[in-house]
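> got a structure for you, letters missing:
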């Protein structure tokens, strides 16, 4: 997948976690939002700054990868 080339190692970890859908078993109504991602990785010892940088990398990659779809209204 494109994300394997484009993302930092930390961002890949987060994307792979989201895509694995392991989060569905965590809590009722848990969604892969930034606040939940941050809570999960802070509990694993990541700093908020590290998580924020990885999340920003994901956002930039997503916007870049999907810019044509947004322009076409897909």
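Structure's in. What do you need? Nothing here was measured: the structure is a model prediction, and the numbers come from that model. Residues are numbered from 1 along each chain as shown.
> Got phi/psi on residue 21?
Residue 21 has phi and psi values of phi 60, psi 20 when expressed as degrees, to the nearest 10.
> From residue 37, how far out is residue 18?
Distance, residue 18 to residue 37, by Cβ to Cβ, to the nearest Å: 8 Å. Placement of C-beta: from N, CA and C, glycine included.
> neighbour count winner among those two?
Comparing residue 18 with residue 37 by other Cβ atoms under 10 Å, the one with more neighbours is residue 37, at 20 against 13.
> OK, contacts around the spatially closest residue to residue 46 that is not a sequence neighbour?
Nearest in space to residue 46, with sequence neighbours left out and distances taken as Cβ to Cβ, 6 or more residues apart in numbering, is residue 10 at 7.7 Å. If you count contacts by Cβ atoms under 8 Å, 6 or more residues apart in numbering, residue 10 has them with 46, 50, 51, 53, 54, 57.
> How many neighbouring residues does the third one have?
Think residue 51. Residues contacting residue 51 under the criterion other Cβ under 10 Å number 21.
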